[in-house]
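A.B. asks: My questions concern the predicted model and sequence given below.
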Amino acid sequence: MNAKQLFESFPPAPNSEESATFKPLNRWFCGKCRLLYHSTETAEQCCKNKICSCGVEITEQYYTTCKTCRRIQECQKEKETFEKAQKVETWDGPVFLDGFGYNEGYFDSISDFYDQVSDEEIVENDIKYVWCCDELPVCVLNTEDIVNSYCEDNAYEGFDTEILHGYKELNDAVEAFNEKNKNVCYYSQNPKVALLVYPQEPLQEPSQEMFELEQ
């Protein structure tokens with residue numbers, strides 16, 4: 001049996017001749033890799049050889065499908081997302097393409113994408129599009145939220161925070177802070193995709209073959 005149950009130990013009272021007692025917990029661990037689980041069934045299956053639904057043995061730990069089937073699922077999900085996305089011919093903002101570049105797939109612009117990804121990579125991988133991204137500020141402060149968080153436990157109910165001395169100056173400082181940090185952003189994908197024209201050829205949407213796994 002690979003699964004082993006955890007027990008909580010209770011030491012005996014001082015000067016007692018009784019032995020420690022143990023209480024079973026609803027936790028089990030794999031006897032081989034020691035990973036913890038909430039059920040004996042999952043702990044039992046942890047380090048056993050698993051078979052994918054396609055009949056292939058799963059060699060990677062923690063997966064329930066083989067590498068090929070996972071890739072097929074990823075391609076299908078990409079295809080469905082692409083079909084629902086709004087297609088645009090131009091985009092001035094940041095873009096994303098998983099597996100490329102130096103910033104986990106994110107680029108400041110399409111021009112930045114061309115600068116980082118070589119011509120050979122684009123042609124070899126038949127890259128036809130990139131995902132458009134929105135820029136979202138990392139930190140946006142709100143004067144009312146700041147003041148209320150400090151007054152909530154101390155002021156009486158219905159207290160008007162705007163009567164506090166220096167409220168206007170604080171609000172001006174917060175607005176100045178937000179303005180200075182408005183370009184400190186992270187990228188979030190939106191439901192748009194920018195079709196690329198590279199090399200110089202007529203603009204066209206990716207073909208069905210792009211979303212099919214090569215055998």
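C.D. replies: Cool, got the structure. Numbers count the residues shown, from 1 in each chain.

A.B. asks: per the record, what domains does the chain have?
C.D. replies: Structural domains assigned to the chain are 3-12+19-48, 50-84, 85-138+184-211, 143-180, following automatic domain parsing.

A.B. asks: For the helix or strand where residue 171 lies, which residues meet the burial criterion?
C.D. replies: Using DSSP states H and E, residue 171 falls within helix 167-180. Buried residues in helix 167-180, counted by 16 or more other C-beta atoms under 10 Å: 171, 174. Yep, even glycine has a C-beta here, placed from its N, CA and C like the rest.

A.B. asks: how about the domains of the chain in JSON lines, adding mean pLDDT?
C.D. replies: Putting those into JSON lines (pLDDT from 0 to 100) gives the following:
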{"stretch": "domain 3-12+19-48", "mean pLDDT": "86"}
{"stretch": "domain 50-84", "mean pLDDT": "88"}
{"stretch": "domain 85-138+184-211", "mean pLDDT": "81"}
{"stretch": "domain 143-180", "mean pLDDT": "88"}
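
A.B. asks: For the residue nearest the centre of the chain, give me its contacts.
C.D. replies: In the chain, the centroid-proximal residue (C-alpha atoms, centre = their mean) is residue 188; its distance is 10.6 Å. Shown in contact with residue 188 (C-beta atoms under 8 Å, 6 or more residues apart in numbering): 133-134, 136.

A.B. asks: and if we set it to 6 Å?
C.D. replies: 134, 136 (C-beta atoms under 6 Å, 6 or more residues apart in numbering).

A.B. asks: in the helix or strand harbouring it, what counts as buried?
C.D. replies: Counting by DSSP H and E, the secondary-structure element that holds residue 188 is strand 185-195. Applying a neighbour-count criterion of 16+ other C-beta under 10 Å, the buried positions in strand 185-195 are 187, 189, 192-195.

A.B. asks: which one of those sits closest to residue 156?
C.D. replies: residue 187 (44.2 Å; C-beta to C-beta).

A.B. asks: Residue 100 versus residue 119, what's the distance?
C.D. replies: Per C-beta to C-beta, to the nearest Å, residue 119 is found 13 Å from residue 100.

A.B. asks: Which one's more surrounded, the two?
C.D. replies: Taking neighbours as other C-beta atoms under 10 Å, residue 119 and residue 100 compare with residue 100 leading, 20 against 10.

A.B. asks: Dump the C-alpha coordinates for the helix holding residue 171 into PDB.
C.D. replies: Taking Å, rounded to 0.1, in the frame of the first residue of the first chain, the C-alpha atoms of helix 167-180 are listed here in PDB:
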ATOM      1  CA  TYR A 167      -7.800  66.400   3.600                       C
ATOM      2  CA  LYS A 168      -7.500  68.500   0.400                       C
ATOM      3  CA  GLU A 169      -3.700  68.400   0.600                       C
ATOM      4  CA  LEU A 170      -3.800  64.600   1.100                       C
ATOM      5  CA  ASN A 171      -6.100  64.200  -1.900                       C
ATOM      6  CA  ASP A 172      -3.900  66.400  -4.000                       C
ATOM      7  CA  ALA A 173      -0.800  64.300  -3.000                       C
ATOM      8  CA  VAL A 174      -2.700  61.100  -3.900                       C
ATOM      9  CA  GLU A 175      -3.700  62.400  -7.300                       C
ATOM     10  CA  ALA A 176      -0.100  63.500  -7.900                       C
ATOM     11  CA  PHE A 177       1.100  60.000  -6.900                       C
ATOM     12  CA  ASN A 178      -1.300  58.300  -9.200                       C
ATOM     13  CA  GLU A 179      -0.300  60.600 -12.100                       C
ATOM     14  CA  LYS A 180       3.400  59.900 -11.700                       C
END
